[in-house]
Structure formats: C-alpha cells, structure tokens
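Asks: Build me a model:
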Amino acid sequence: MTPDMILTMIVLAFAILLFVFEWVRVDVVGIIMMVLLPLLGLVTPKEAFIGLSSNAVCSIIAVIIIGAGLDKTGVMNKVANPIIKLAGNSEKRIIILISGTVGLISSMMQNIGAAALFLPAAQRIAKRTGVPISRILMPMGFCAIIGGTLTLVGASPTILLNDLMVLQGQKLKPFGLFTQTPIGICLLSSAIIYFAFFGKYILPSGEGQADKGISDLLMEAYRGLESVFELDIPESFDGPKTLEELAIREKFLVTVVGIYFSKKKDRTLVPRSTDKLSPGDTIAVVGKRKNVEIMAEELNFRLKDQLEVFAEDLARTNAGLAEAIVSPRSELIGKTLSEINFKELFGVNPVALFKGNKIFYSGLTNIRLSMGDTLLLFGPWARFHILKNRPQPRPLSFASPLEGEILKPQKAKWAVFWLILALSQIIFFKVKLSVALMSGALGMIITGVLTVDEAYQSVDWMTVFLLAGLIPLGIAFEKTGTASFIAHKILEIIGKPPPIVLLAVVGLLTSFFTLVISNVGATVLLVPLCMNMAVMAGGDPRMAALVVGLSASNTFVLPTHQVNALVMRPGGYRTVDYAKAGAIMTLLFLAVELTVIYFFYGIK
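Replies: Below you'll find the predicted structure:
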C-alpha cells in the first residue's frame, strides 16, 4: 500500500467523521475536500474544482431551475392535486403514492431529474396535508435512486453494463431493456413497504420552527386562533340569513373567511356581512376549535374533520395569515374598517386587531384605527403580494413575511414545453444531460417563466458545493489506486465461495464503493474484477456484472449520492438520519436483490 493510498484513506475517514459528528455543515465538508486534496497532492488543482463544472452538478442546477419554473406556473399543483385526493391526510398513503410515482418516473430518466422535478410537488403536498416534509422526502429520494434499477436505461451504471461485459477479449451476451425488471420491481416495492410501515419510527418528525409556516406561527401567537375549519349548513337550517343576522364573530369569536353558495355554484373568499347563508352552503372559518364546536352545536352546522370544498383555495400554499401595521401616512388613520369598505378595498379578511395592549377578535369594523395598530389579516397570498407591491405611501406595512407567491398560470404552457424539449433532447437526440437540461432552464428564463434572479434563488447552493466537493474525493480514490487495491484484497480473501455467496460479497463491495466514489466509477472498476472472480468460482460472469450495476444504486447510508444531497436541506435531515434509515435500507436492498436472483434467476 503506497503512501498516497494511506493518505487517501485518512482523508476519507476524516470526511466520514465530519459527516457523522457534524462539526461543520455538509457543504463546508465539500469545500474542505476541494482545498485539502490538492494541498496533499492527491489531485491536481484543476481536478479539485472540476466538480463545480461537472455534468452531474450542472444537471442538478438546471433541473432545479426547471422544477422551480413548473412550480411557479402552478403545474406542480396539478401534479399534487390527484395525489392529495387519493391519499387525503394519510401519511402512509402519501408516502406510497409519491415514492411509487417518482420511482416509476426514475426508471426512464435520471433519478436526480425525477427527484428534483417532483420536489416542489412533494413540498406542496406536505404543506397542504400537514404531514412533516421529513417524512416524505427521504422515502421519495430513496425510491428515486431505486427506480433506476427497473430498466437497463434507468441509471448510469446499468447503461454501461453491456459495454463493460468483455471477458478474455470476448463480448458477452448483452442484457435486454427489462432483464433486471423483476429485481427492480421487488426492490422498489420493498422500499415503499419499508417506509410506509416503519417510516414513523426511523424518520425524523420534522416538528419545530423550521417546519412551520408563518401562518402556523401567527396562529400560535394569537391565543384566540387555532386553525381553519370547514362547516356544512344542513337542509334544516332556517335561512337564508346574513352573516350580520347570525352575528358569528360577535357571539363565537370566529371569523368567516369563505362561503360556498351551493345553489349558485359560486364561492367567495372575502365574505361581507350582507352575504346570505342558505341550506346546503359551506363556510370556512378561522378561530379556536372550542369556539367553532360551540358555534356548530348552537347553529346545528356540521363541522368537518378537514377542509374539503376549500381544500385548494385555503391550502397553506394559496392562502394564510399576515400581520400588517397601519403606516404613518396611511389613509386608514382615524377611520373604521366599515367606513372605508376594507374588504372591498383590499380583498382580505380582518381576523384580529392589536391596539395598545389589547387584542380584539370582535367589533373590529367599528374601532377607529391609529398609526401603529396591527391588523391580523387572512386571505389569498396573491392579494397580499398585490398589497405589498403597491406604490408608496402604502396604507399598510407588512410585519410578517408572506409565505405564498404570485403564480404565473399563463406561462404554464411554456414551462411544460421547455421540460418536454429538454427531455426529448436526452431521450431521442442523445444530447448530453447537462446541456439538454440547461437549455430547458434557459428557455424558462427567456420566455419569462422565471426571472434570472428567481432562477438563482431557486438553486440550493449547499447541495451544489456538497456534491462538487465529493467529486475530487472520488477522483483521488481512483487515481491513487486505493479503490483497486481494496477490491483486489477483498476478492483474494474470499477465495472460491458458492456463486450466490460470491454475489453477496460483490453486492456489499459495490455498496461500499458507491458511498465514496461515483456509482459510474465503482461500476467501471468492479465489473471486470467481479466477472473474473465469478469465472474462477464457477459462477455466471453476467450475473456478477448485473449485481455490480444494480448494487451501485445501493447508496443510502451517507448523503453522498446526488439525490440524497438534493433532499437533505429541504427535508432538514442530518447525517445521522441517513445512517439510521439508510443502514436498514442497505441491508434490505441486498437481501431482496439476492433473494430474487436466487429464486427467479436460479443462481444457487
């Protein structure tokens, strides 16, 4: 073992320690690798920073921008809606549907592309259903990686297999597109079952400030509020009656923020006191559950378990709470909300008024406003953004950030067009992945789907630097001969075991290498070695090559795979979370893979 090999192993151990103990952030680990490796002479300065311009990193930047464009135009809402309708608020069904969908998509395109494109939809589903995003993204990411095992073209390692299967100068019989599909289906199914039934025990709950939106935090700050509720008005209701006649705010301290008029098949998200409620209508209110239950009992309304009619309109992604302060030059000073027709003028609902040291939940329309008074408002995010962008002097200044954004549904066709164009270049014209995806990202910007600033803001630069820093570590591992040395030593130790035992060792060896070098690098290195070992052990060299190609996707213990790195920040994961869920997934992957090979392919 040469000094360079020893040094490379020490750097690898140092990187793993930094990941495990989290002394610095993961992207800083990547930057440390970019600086440390050339200083030690293990890679050249050019190789140290080649990751920043690598095909993988540029592809990730581009696909994140494309995903942001699809999200900005509301396309991801269309993707999320059927999943929410099928899954409801069931965490188990959401995991099954999202992970299964991404796994299937990943079978025909790069797994990082499938995960990045579906990331915005997963985030929207988490917000709308209240399921912690950390319970969704890791299963989605793992299934995106495993989805590449479904077909020969699903992942780079298996794409390479037919070219690498050369033994003693003879090319072996190539694999077909669906040769590995039975193994891939069982692997994907086992991963989905694993997370669906055991996810709550092995995944972080994601609870805490980072996972809560502004609306949730404001609900907690105002003790008179708790959530948004939906109620049906029965046919026995003695109506129609106006909101003023029912005096819902005055009697029950709740605010009506939406009415669905069943006869007119119409709805309003800014109800007026003159609006009439009739039998069969549905209302949405903001307040404390206890107060809403008292109201439902007294008025004989039916309180629902969750939003149904207003599920889309009042989802966290589309509407919520914001605090606004009466500004010094405001036209509202000295006037009441009723005098200026506040709802008609601004298109949002006043829920509470903080004046002096008191919070008012009723009688708001008759209180004269002063400079510095704080109004708690509920309404569509689009209305809040319009108010925020009004020219100075603005009547209201927002004291809290706005969660939502103004979507561009008119640009949806352009967003879909650029996605299809990018994928077509990859599938039909064999254009390099990074070039094809970057052309799609550029098209989004040129056609106004996103501004350049929005494109820059959408990229998670932590992920970029993490991956860019790990690429030179992989180069050092191969360049110094460390990878080849380890592989040869292990294969010398095991001797000539039965074919299925040999395949188990090959799977473990490949799984280790894919944690520290690229899955493509591991495949190129191990396929020739393992095929020769299979021949010496009296086994099938083609099956040894297939196990290497499949096991190159068995990379879950560290956030070193592109997909794992992609979901790490949005999911709020730590390295220990990957170790906890990934260790079991790694063993499950190998067990399922070898079991299917044993029974389905007849390797004993």
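Asks: Excluding chain neighbours, give the residue nearest to the most centrally placed residue in the chain in space.
Replies: Residue closest to the average C-alpha location in the chain (C-alpha atoms, centre = their mean): residue 119, at 3.4 Å. What sits nearest to residue 119 in space, not counting adjacent residues and going by C-beta to C-beta, 6 or more residues apart in numbering, is residue 67, at 5.9 Å. Backbone N, C-alpha and C define where each C-beta goes, glycine included.
Asks: so that neighbour touches residue 116, yeah?
Replies: Yes. Look at residue 67 against residue 116 with C-beta atoms under 8 Å: they come within range, at 5.2 Å.
Asks: Pretty sure residue 560 sits against residue 515.
Replies: Yes. Between residue 560 and residue 515 there is a contact at 5.7 Å, judged by C-beta under 8 Å.
Asks: With neighbour numbers in mind, choose between the two.
Replies: residue 560 (26 against 20; other C-beta atoms under 10 Å).
Asks: quick one: contacts for the more buried one?
Replies: Contact analysis of residue 560 by C-beta atoms under 8 Å, 6 or more residues apart in numbering lists 470, 515, 516.
Asks: Out of those, flag the one nearest to residue 136.
Replies: If you rank the contacts of residue 560 by distance to residue 136 using C-beta to C-beta, residue 515 comes first, at 23.9 Å.
Asks: Tell me the secondary structure at that closest one.
Replies: helix (DSSP: H, G, I helix; E, B strand; the rest coil).
Asks: Residue 578 versus that one, what's the distance?
Replies: According to C-beta to C-beta, to the nearest Å, residue 515 stands 10 Å off from residue 578.
Asks: Where does pLDDT dip in the stretch 351-500 of the chain?
Replies: Within the stretch 351-500 of the chain, the ranges that satisfy pLDDT under 70 run 404-405.
Asks: should've said the stretch 1-150 of the chain
Replies: Checking the stretch 1-150 of the chain against pLDDT under 70 turns up 109-110.
Asks: mind listing the strands for it?
Replies: Per DSSP state E, counting those that start in this stretch, the stretch 1-150 of the chain carries no strands over any range.
Asks: Longest helix in the chain, please.
Replies: helix 575-600 (DSSP state H).
Asks: name the helices or strands packed onto that helix?
Replies: helix 3-21, helix 134-147, helix 181-202, helix 499-516, helix 541-551 (3 or more C-beta pairs under 8 Å, 6 or more residues apart in numbering; DSSP states H and E).
Asks: could you dump the ones you listed to CSV with distance to residue 350?
Replies: Below are these laid out as CSV (distance: least, C-beta to C-beta, whole Å):
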stretch, distance to residue 350
helix 3-21, 49
helix 134-147, 35
helix 181-202, 39
helix 499-516, 55
helix 541-551, 59
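Asks: Please work out which of those helices is packed deepest.
Replies: helix 134-147 (a mean of 29; mean count of other C-beta atoms under 10 Å).
Asks: what angle sits between the helix or strand following it and helix 499-516?
Replies: Downstream of helix 134-147, the next assigned helix or strand under DSSP states H and E is helix 156-164. Interaxial angle of helix 156-164 relative to helix 499-516 (axes from the mean of the first three to the mean of the last three C-alpha atoms, to 10 degrees): 120 degrees.
Asks: and helix 156-164, how far from the chain's centre?
Replies: 29 Å (C-alpha atoms, centre = their mean, to the nearest Å).
Asks: what lines up beside the helix or strand just after that helix in the sheet?
Replies: Sequence-wise, the next helix or strand downstream of helix 156-164 (DSSP H and E) is strand 166-167. Next to strand 166-167 in the sheet, as set by DSSP bridges, lie strand 170-171 (antiparallel).
Asks: So which residues of the stretch 151-300 of the chain form strands?
Replies: Counting by DSSP E, counting those that start in this stretch, the segments of the stretch 151-300 of the chain that form strands are 166-167, 170-171, 227-232, 241-242, 255-261, 266-268, 276-277, 282-287.
Asks: I'd like the mean pLDDT over the fifth one, please.
Replies: For strand 255-261, mean pLDDT rounds to 96.
Asks: picking that back up, hmm, the residue nearest to the centre of the chain is touching residue 568, no?
Replies: No. Look at residue 119 against residue 568 with C-beta under 8 Å: they stay out of range, at 11.7 Å.
Asks: Enumerate every residue touching the nearest residue to residue 106 once chain neighbours are set aside.
Replies: Ranked by C-beta to C-beta, 6+ apart and with sequence neighbours excluded, the top spatial neighbour of residue 106 is residue 147, at 2.9 Å. For residue 147, the contact set (C-beta under 8 Å, 6+ apart) comprises 102, 103, 104, 105, 106, 107, 111, 114, 154, 184, 188.
Asks: Weed out the non-buried ones from those residues.
Replies: 102, 103, 105, 106, 107, 111, 114, 154, 184, 188 (16 or more other C-beta atoms under 10 Å).
Asks: Return the distance of residue 381 relative to residue 465.
Replies: 31 Å.
Asks: who has more neighbours, these two?
Replies: residue 465 (23 against 20).
Asks: Would you format the strands of the stretch 151-300 of the chain as JSON lines with mean neighbour count included?
Replies: Below are these laid out as JSON lines (neighbours: other C-beta atoms under 10 Å):
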{"stretch": "strand 166-167", "mean neighbour count": "14"}
{"stretch": "strand 170-171", "mean neighbour count": "9"}
{"stretch": "strand 227-232", "mean neighbour count": "22"}
{"stretch": "strand 241-242", "mean neighbour count": "14"}
{"stretch": "strand 255-261", "mean neighbour count": "23"}
{"stretch": "strand 266-268", "mean neighbour count": "13"}
{"stretch": "strand 276-277", "mean neighbour count": "20"}
{"stretch": "strand 282-287", "mean neighbour count": "24"}
